[in-house]
Structures are given as C-alpha cells and as structure tokens.
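Sequence and computational prediction follow.
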Amino acid sequence: MQIRRVRVERYRGVETLTLLPTARNVLIGQNNAGKSTVLEALDLALHPGLGRPRAAPEEIDYYDRSPEAGFRIEVVIGALTDAFRADCFQFLEGWSATSNDTVPEPDGEGVEPVVRVQVRGTGDFDLIHEFAKPDAEGARFSPRYRSQLGWVFDGRSRDASRQMAFYQGGLLDQLFRGVDAANAVEGLRNALGEGALTVNRHPPVAAVLAGLRDDLASLGLVGAQSPAFEAGAVSVRELLQTLRLAMPGAGDQRIPLARQGRGVQRLVLLAVLLRVARSHPGSVIGAFEEPEEALEPLRQSQAARLLAEVAESGGQVFIATHSPDILRAFALEDVMVMQPAGRDPRVLPLASLTSLARHGYERHIEGPLSRALFAPTPLLVEGPSDVAVFAVFWDHLVSLGLVKQADQLGIELIPCEGNRTIPKMAQVLDEAGKNVISWLEMDDVKAAQSVVDGGHLSCLLTFEADPLVDNLEKALVAQPSVAALAMAMESVAKDRGDDWAAQLEELKRRSQVIADGDKRKAIGAAEDIQGALLSVDDAEARALVLRCLIASGSDAVFEIKGRRAARVFAETIVATDGEVPRNFRVAFEKLNAWAIGAKTRGERIEMART
C-alpha cells in the first residue's frame, strides 16, 4: 500500500499543508520547517495503537495552542492489497493521478481504488480515527484496519528495539506471517510450566511458600494447599511477546537488541523492514526521522540503501534528514525541500527545478575532504560525473555477482572538483591512515603525474595514457554500440527538455569534426540521432558523440559533466547493450579483487581501450 496524499490542518506548527508523496520521499530543510510534523502527523493517523500506544494529544499539538479549534489529518491510501480492499470495500473511492484528487467512484479509466482516512483531535483532547469518505457516517478506522497497513515509524523519540516485539501488526508479526509456529510455542509453554514446577519444588522456595500458606490459612483464604508460582505468559500472543531478539556477541554471548547501540538497532530494523517488503510486496510504509543518528557515514549510506530498496520492493518510505550521505542515495526526484512560510509551510519537490538549477544542486551537494575523512577507503575522482558513471556501472556488476557492493568493501567515492585537488586530498588522507584510491584521468598529464609522484595512493585506477581514451568521456565512447550511444544521447537531451530540433542543431554544430561535406549534409538531413550516427563510419560516429559530450555552454544539449546527465547516459548504455562496457568492467573487477585481497600498496590498474 502507498500513501497518495496527506493533508494536515491545524496540527502543531502547521495550519495547512498538502503533500503528494511518491514511493521515496526525502524531506530536507531547516529546523522547524515542518519535517518532523509531517512524520508525526502520519504516525498519529496510521499507527495501529498496538504494542506502541500513543499518548493523548496535548495543548502543544494544536495549532496556536488552541484545542477548541481541533486538528485534522487526512490520508489517501492507494495500491491496496486485495485483502484490505475486500475488508473495507464500502469505503472505497477513486484517485485520479491527473487531478491529484479523489473521485466518487473507485473504477474507471485512469482511476485507482483508494480509501480516505482521517484522525481528528477534538477540543477535549480525544483522538477520533475514521474513514473520511463523505457517506462513511463516521465509521471508525479501527486498529484492526490500521494494523494491516504495515506502518513503521522510527522517530527520534522512538525505541527501534520495540518494533521487534511480537505485537499484532508489528514488524516481527509481519516477518513471520504465514509461519506455523504452533508446536514451537506449545513447547515454550510446556517448558515454562516445567520451570515453574521446579521453582516451587526447590526446598528453600517451598519452605517460604508453606509459611505463606499458614498465614493465608489463618485468614481463611486457603486450605491445606500452598500458593505456587506459575509461568506468567499463557496465551500464544503473551508467550511470543516474552521473546526478544538478541544479536551474537563475543564467544557464546548474545546481546539483546534493546541493549545494542541505537545505530545498530536502526540497521536491524531496516534489514527486517526490507525483508518484510520483499516477502510481502506492498505491505510496508515506513517513516524515519534522522535515520543517520548514531551512524557513521558509511553506515548512513547502508541505511539509505536499505531504505531505497524498501521502496524498490513495493514499499513506501518517508525520511526526514540532515545528512548528505542519506540524501545522495536518492534521486533528485525523491527529494522535497520544506521551508517555513508563516502559517503554510512550502514544500518544493526538487523534480520541479529547472535544468540549470538541478545541475547546480548536484554539483555542490558534497564537501569532499570532510566526507573522505570518514570513509574507510576513499576513492578520489575528478567530479560528480565520474561518481555517477562509477555507481551505475558498479551497481550493474553487483547485480551480476561480479563485484561486491562498494559500501561492503568500505569504498566511498569522493568527487574532488578536478584532478588538481587530488594530490593534497590524497596526502591528508594518507597521513590520516587511510587506504586511498584515485580514479585518475590522464588528459591533464601534469596534474596526473603530480598525483602519482605524491606517493600517497594505495591503489591507482587510471584511464589509459592514450589520447583516444584518456578521460571519462573518451572511455565511455570507445566501446558501447553506436545504437547505445545514440539512445544515451537522446535520453540526456530529453531529460534536459531539449526536443529533436535542438538535438539536430547541436549535431550539425559538432559535425565539423567530420571532414567529408556530404556526410555532414547527411547528418543534417537525419530524422533522429541514430540515423545521424549511422550516416558516417564507426570512428567518425564516435568522434561526433565525443564532441557532443564534452561541449559546454547553455546550448550544449548532450554535455554530461553533471551527475544527473552522466547517470542517465550510463544507465541508458547498460539498458541498451545489456552490459557494462568491457574497459570499465575489467578495471572494476580488478579493483574489487584488490579491495577484497591484501590491498597491496602501490597497485596500479589501467583501463585499456579494448
């Protein structure tokens, strides 16, 4: 299930706010912008009230601290499971993605069946959960319904370990859904009973109980038999709730999850949440407030990856964060900036930014040295486009089982804003005791040589010192099929909003690299990029693509210097050819072998042209 719309009215510091979530929702912004309020509002509306009961609202939960006006939180829920849909069929409405609003009927072209629910805070400090369909007549949105949503909330004031209890609708309850544990639980019941009998029969205990019997008998409360201890948990639910998850410790020790650090608790919670999402697609909606808390940067990246995978597995996530390490794991389209604006906080989805603003955002999101100092094995690259290409190709190799996840290897990519900043970065990191890797372009020989001469690298991954393939763009153009290059260029241009007319004009400008005038005319007469590239020979086509990729300026339709454009280009290459270009694949497999091996200092891996 997924939330389609949230409306908050007069709750805490928000008078009115409307949010249209996607599968992944990363809320950023300054303090007191309303990020936490959105998550708390969702929790108030959706928490089942089981296992983790919420306290009644206080005066501070009402806008302007005016309880008499009440508050209201409305949530539209779509992607309904068959069971939930059947359970509340009388409350179904429709959702139009075109108008982002509900319609009376739950079916029809372009209409998705949804339920609209709300929680109201009354002037008497009561909470009323009900279906918000106009003719629902106040029907209760009871814990029985809410426990089916798979709602999980890990806020700053929450205890992640409590999510690991066997309460109805909780994560463990969902994780073991469909598992027949009856015999095991009965064995636990019998063992507890036998244990209680053993205690009662123990002579010192029996003597105390006998004395208590005499005292109670004198009051006429018991007869000849003594009171006795029995195991407290008797129902299946009570027995399950006596169990607590424990993690392996030193030797044979096991440490209860509740005694682990909060960072460990959160990662375990996320791992279980992901497994539930994969086992029961569409059954998880998770909200996390500052998931980076108590986690070092690499662990933050792992947490972010788990959260992203929950959404990819059919779940939905809401994240309020101040961490660039969390932020960088998500696409720009997933990010919403919340800004306080008096009574109505503004929510700016970054997907709505202009192309120029998007590229500026992506270029300045990171602080290279501060990030690198926390990385177990920093991999220094020239800029954000290198990061994007590396990530796309590496992740595809991970999916094929050819390399391990970069974060599992302790490798973190650090964009350094050009080769010339890498030598000093490498020196600082080397003296800090880091194994430093650099992925070095060789088109600036002086800068590249200064990196090598510095002697601060544990591993050097370089483009070949061949003018044909000595930098990222040249290496990208060298091996993919011409069809893949054409599709990748088209994807980049369309992502920027440039139509075929602009694309053709750019191709004509850059075709001066081709000497034959007739071929240049053929390019000008082409109907698409693939047609333009096929009108010349292979070497000429690749030279033309290269000229387009390295062009700069406001009219550069195909330039891939930004992280987004480079990511789109690399993703299209993989999607079209079905593989990572061989020059990248071989180099990355060698880097993987170095990282999982002895990490011999002075290793040099050169990316060959073929």
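Perfect, thanks for sending it.

can you count the residues close to the residue nearest to R510 when sequence neighbours are not counted?
Take R510 and drop its neighbours on the chain: the residue closest to it by Cβ to Cβ, 6 or more residues apart in numbering is R547, 4.1 Å away. Every C-beta, even on glycine, is put in place using the N, C-alpha and C of the backbone. R547 has 20 neighbours, counted by other Cβ atoms under 10 Å.

Go ahead and confirm R547 touches L507.
No. Counting by Cβ atoms under 8 Å, R547 sits too far from L507 to count as a contact (9.4 Å).

Let me see the ranges of the strands in the stretch 501-610 of the chain.
With DSSP state E, counting those that start in this stretch applied, the stretch 501-610 of the chain shows strands at 603-607, listed in chain order.

Grab the longest helix from the chain for me.
helix 182-201 (DSSP state H).

show me where the stretch 101-250 of the chain has helices.
Taking DSSP state H, counting those that start in this stretch, the helices of the stretch 101-250 of the chain run over residues 143-146, 171-175, 182-201, 203-218, 236-241.

Minimum distance to V574: which of those has it?
helix 171-175 (33.3 Å; Cβ to Cβ).

show me the contacts for the residue nearest to S481 when sequence neighbours are not counted.
Excluding the flanking residues, the one nearest S481 by Cβ to Cβ, 6+ apart is D577, at 5.6 Å. Residues near D577 by Cβ atoms under 8 Å, 6 or more residues apart in numbering: P480, S481, A484.

Redo those as CSV? Include distance to R299 and pLDDT.
As requested, the contacts of D577 are exported to CSV (distance: Cβ to Cβ, whole Å; pLDDT from 0 to 100):
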residue, distance to R299, pLDDT
P480, 35, 95
S481, 39, 95
A484, 36, 96
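
pLDDT averaged over stretch 410-430 - what is it?
For stretch 410-430, mean pLDDT is 84.

hmm, back to that, tell me the one among the contacts of D577 nearest to R601.
For the contacts of D577, the nearest to R601 is P480 (33.8 Å; Cβ to Cβ).

roughly how far apart are the closest one and D325?
Separation of P480 from D325 (Cβ to Cβ, to the nearest Å): 31 Å.

which of these two has more neighbours?
Neighbours were counted for P480 and for D325 using other Cβ under 10 Å; P480 has more, 25 against 22.

Nearest spatial neighbour of the more buried one, chain-adjacent residues omitted?
Counting by Cβ to Cβ, 6+ apart, the residue nearest P480 is I573, at 5.0 Å.

Quick check: that neighbour touching A484?
Yes. Using Cβ under 8 Å, I573 is in contact with A484, at 5.1 Å.

Identify the residues contacting the closest residue in space to N200 that isn't next to it in sequence.
Nearest residue to N200 in three dimensions, chain neighbours excluded: A228, at 4.6 Å (Cβ to Cβ, 6+ apart). Shown here is A228, whose contacts under the criterion Cβ under 8 Å, 6+ apart are A196, N200, L209.

What of A329?
A329 touches S301, A304, R305, L307, A308, counting by Cβ under 8 Å, 6+ apart.

Which among the residues you listed count as buried?
S301, A304, L307, A308 (16 or more other Cβ atoms under 10 Å).

where along the stretch 301-450 of the chain do the strands fall?
316-320, 335-339, 346-349, 377-381, 411-415, 437-440.

Nearest to P291, out of these?
Using Cβ to Cβ, the nearest of those to P291 is strand 316-320, at 6.2 Å.

What helices and strands are in contact with the closest one?
Strand 316-320 is packed against strand 24-28, helix 35-46, strand 285-289, helix 297-312, with contacts defined by 3 or more Cβ pairs under 8 Å, 6 or more residues apart in numbering; DSSP states H and E.

pLDDT averaged over the second one - what is it?
Looking back up the chat, that one is helix 35-46. 92.

Next secondary structure element downstream of that helix?
strand 71-78 (DSSP states H and E).

Pairing partners for that following strand, with directions?
strand 2-11 (antiparallel), strand 111-121 (antiparallel) (DSSP bridges).

Please identify which of those strands is closest to L402.
Closest approach to L402 among the strands paired with strand 71-78 (Cβ to Cβ): strand 2-11, 33.4 Å.

Can you check what angle separates the closest one from strand 24-28?
Strand 2-11 runs at 30 degrees relative to strand 24-28, counting by axes from the mean of the first three to the mean of the last three Cα atoms, to 10 degrees.

if I look at the residue nearest in space to the middle of the chain, how far off is R520?
Nearest residue to the geometric centre of the chain (Cα atoms, centre = their mean): A308, 2.5 Å. Remark: distance between A308 and R520 (Cβ to Cβ) = 45 Å.

quick revisit: any of the contacts of A228 buried? List them.
L209.

Dump the helices of the stretch 101-250 of the chain into CSV; add distance to L591 as well.
Listed next are the helices of the stretch 101-250 of the chain as CSV, based on distance: least, Cβ to Cβ, whole Å:
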stretch, distance to L591
helix 143-146, 48
helix 171-175, 36
helix 182-201, 46
helix 203-218, 65
helix 236-241, 47
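
Which one of the ones you listed lies nearest to G49?
helix 143-146 (4.8 Å).

Can you list the buried residues in the closest one?
Buried residues in helix 143-146 (16+ other Cβ under 10 Å): P143, Y145, R146.

hmm, what's the outermost residue in the chain?
S218 (66.8 Å).

how much does the longest helix of the chain deviate in direction from helix 203-218?
Using the same axes, to 10 degrees: helix 182-201 against helix 203-218 is 80 degrees.

pLDDT of helix 182-201, averaged?
86.

ditto for stretch 445-465
Mean predicted confidence for stretch 445-465 is 84.

and that stretch, C-alpha only, in PDB?
Extracted C-alpha coordinates of stretch 445-465, given in PDB (Å, rounded to 0.1, in the frame of the first residue of the first chain):
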ATOM      1  CA  VAL A 445      49.400  15.000 -17.800                       C
ATOM      2  CA  LYS A 446      51.000  17.400 -15.300                       C
ATOM      3  CA  ALA A 447      48.100  17.100 -12.800                       C
ATOM      4  CA  ALA A 448      48.000  13.300 -13.200                       C
ATOM      5  CA  GLN A 449      51.800  13.000 -12.700                       C
ATOM      6  CA  SER A 450      51.700  15.100  -9.500                       C
ATOM      7  CA  VAL A 451      49.200  12.600  -8.100                       C
ATOM      8  CA  VAL A 452      51.400   9.700  -9.000                       C
ATOM      9  CA  ASP A 453      54.600  11.400  -7.700                       C
ATOM     10  CA  GLY A 454      53.000  12.200  -4.400                       C
ATOM     11  CA  GLY A 455      53.200   8.600  -3.400                       C
ATOM     12  CA  HIS A 456      50.100   8.800  -1.200                       C
ATOM     13  CA  LEU A 457      47.900   6.300  -3.000                       C
ATOM     14  CA  SER A 458      47.400   2.700  -2.100                       C
ATOM     15  CA  CYS A 459      45.700   2.000  -5.400                       C
ATOM     16  CA  LEU A 460      45.700   3.900  -8.700                       C
ATOM     17  CA  LEU A 461      42.900   3.300 -11.200                       C
ATOM     18  CA  THR A 462      43.700   5.200 -14.400                       C
ATOM     19  CA  PHE A 463      42.400   5.800 -17.800                       C
ATOM     20  CA  GLU A 464      45.000   4.700 -20.400                       C
ATOM     21  CA  ALA A 465      47.600   7.300 -21.300                       C
END
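
the domain parsing of this protein - what is it?
Each domain of the chain is listed here as a residue range: 2-175+261-339, 368-472+583-607, 480-580, per automatic domain parsing.

any idea how far the shortest one is from the chain center?
Distance of domain 480-580 from the chain centroid (Cα atoms, centre = their mean, to the nearest Å) equals 32 Å.

Since that was my last question, I'll sign off now.
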